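In: 3D model of this:
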Amino acid sequence: MKTFSFLAAVLLCSGFSSVQAEEFSSYERIAEPMAPRNIQILIEKDSEGALLEVKGPYYIFNPHDGSRVASGLLGKRFMVHELENGLKWGEEFPGIHQLYIKPRSSETSVFINGIQYSGAVAIYGVAGKINIVNDIDIESYVKSKLTSQFLAPLEPEVMSALAILARTDAYFYSTRANSNSFWHVNAKDIDYQGSALVVHNSLIDRVVESTRHLILLHGEDGKDVPFATTWTENCAGKTAPYSQIFRKEAMAPQKGVEAPHAALAREDSKWNYQIGRKTLAHMFNLKQLSAFEIFVDKTSSKVYGVRLKDGKETVDIDFFTLQDRLGTAHIKSSDFTVSLKEDSVVFTGFGKGHGVGLCLYSANALAQNGENAVKILSKFYPETYLYNLDAVPK
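Out: Sure, this is the predicted structure:
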């Protein structure tokens, strides 16, 4: 029996013929900047089981060959497990270790361990454990992401810019993933929290619809491609390149930008934090702290890593690990210096957030001065251009 790629299997489950599915998925992998219109997000990994509830009518397919194996009209709520001979969700599916559950109606809701998700879900059983993937169209994903992160929306033009950035980021992940992988990105890595908070006709819903299929592209190795994007609350005057702070390949511009509005308010964003030298040393399994070094991006002076020393013994930590250990309420930004006192370590910093991407403080000021989303994006991503995916011939 023929085994299809994940994208082809999803298309089969959506009603495409096997020839259409294979042709389309092959085109998707090689075309630039065309990308899948769905993103697959890993929401449960190597789990003993999960509570899976579907409210409303649904279909169940076998992604291995695209065949329909079951359906329901009224919904269903059971634990899903991997047994020796196949998956079990209320009923057993002998010989089937993959299930793709697709809503039959726009009113159908899917819940995993009490969290609501839009789109379909795929379950993969491996050696007694299960992985669950949310297969969601990117437009719905963008609404979910922005709604969970901005309970109090910003200026409409800023939210429009954020919608374009979130969509660009989603296309980056969906086009960069290995074609043999069952998912594009882990929910934990992108802080994905499902779709329960999405409200129809809210500001976020409207700005996503009004910017539908608009992304940013950046030239990389002779191709124009989507790239990893993000935003920061207050960059305190300058932003840093994505790769410098996150320390990973992102296809993103290699330069940060100056943000005059945030620069003018830099002193207002000043923060300080003090911690005992012994306390800090013990947190990172050192007996004492003899030296504390910081590693910075030269153009923005943002800190991407630190080194703690106890004589010849050293511990290297990236910015995010340091912030996580000491707390975001204490290490408020990547823009800081450090001084060692006799028995304490003093951090002095400016701004809020990691300092990469769109500076929300500056973007809000620009919007209040009449700038639209396109102008705002051009100031923070000057080496990129706006692209409408609907313009790609189908």
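In: And residue 163, which helix or strand is it part of?
Out: helix 156-176 (DSSP states H and E).
In: and the gap between the residue in the chain sticking out farthest from the centre and residue 275?
Out: The C-alpha centroid of the chain is most remote from residue 342, which lies 41.6 Å away (Cα atoms, centre = their mean). Residue 342 sits 14 Å away from residue 275, going by Cβ to Cβ, to the nearest Å. Any C-beta I mention is one placed from the backbone N, CA and C, and that applies to glycine too.
In: can you pull out the helices in the stretch 1-150 of the chain?
Out: 6-13, 18-30, 138-149 (DSSP state H, counting those that start in this stretch).
In: any idea which of those helices scores lowest on pLDDT?
Out: When the helices of the stretch 1-150 of the chain are ranked by mean pLDDT, helix 18-30 comes last with a mean of 37.
In: low-confidence ranges in the stretch 1-150 of the chain?
Out: The stretch 1-150 of the chain contains residues with pLDDT under 70 at 1-36.
In: One more pass at 90, please.
Out: Within the stretch 1-150 of the chain, the segments meeting pLDDT under 90 span 1-37, 63-66, 74, 106, 127.
In: hmm, back to that, return the backbone torsion pair for the residue farthest from the centre of the chain.
Out: phi -60, psi -40 (degrees, to the nearest 10).
In: Kindly report the same for residue 248.
Out: For residue 248, the backbone dihedrals (degrees, to the nearest 10) come out as phi -150, psi 160.
In: what number of residues lie near it?
Out: By other Cβ atoms under 10 Å, 8 other residues sit near residue 248.
In: what's the distance between it and residue 41?
Out: Distance from residue 248 to residue 41, by Cβ to Cβ: 18 Å.
In: now residue 63
Out: Taking Cβ to Cβ, one finds residue 63 at 16 Å from residue 41.
In: Comparing those two, which shows the higher neighbour count?
Out: Higher neighbour count among residue 63 and residue 41: residue 41, with 28 against 25, using other Cβ under 10 Å.
In: ok, the spatially closest residue to the more buried one that is not a sequence neighbour - how many residues close by?
Out: Nearest non-adjacent residue to residue 41, counting by Cβ to Cβ, 6 or more residues apart in numbering: residue 134, 4.7 Å away. Other residues near residue 134 number 27, with proximity taken as other Cβ under 10 Å.
In: Kindly report the same for residue 253.
Out: 20.
In: Quick one: residues contacting the nearest residue to it once chain neighbours are set aside.
Out: Nearest residue to residue 253, sequence neighbours excluded (Cβ to Cβ, 6+ apart): residue 383, at 4.5 Å. Applying Cβ atoms under 8 Å, 6 or more residues apart in numbering to residue 383 gives the contacts 218-219, 253, 255.
In: Max pairwise distance over these: which two?
Out: 219 and 255 (13.1 Å; Cβ to Cβ).
In: Specify the beta-bridge partners of the residue nearest to residue 41.
Out: residue 41, residue 121 (DSSP bridges).
In: That one is in contact with residue 119, isn't it?
Out: Yes. Using Cβ atoms under 8 Å, residue 134 is in contact with residue 119, at 6.0 Å.
In: Using the record's assignment, carve the protein into domains.
Out: 6-136, 141-263+364-391, 270-350 (automatic domain parsing).
In: and the last one, how far apart are its ends?
Out: Its first and final residues considered, domain 270-350 spans 4 Å by Cα to Cα, to the nearest Å.
In: quick check, distance from that domain to the centre of its chain.
Out: 27 Å (Cα atoms, centre = their mean, to the nearest Å).
In: same thing with the longest one?
Out: For domain 141-263+364-391, the separation from the chain centroid amounts to 10 Å (computed by Cα atoms, centre = their mean).
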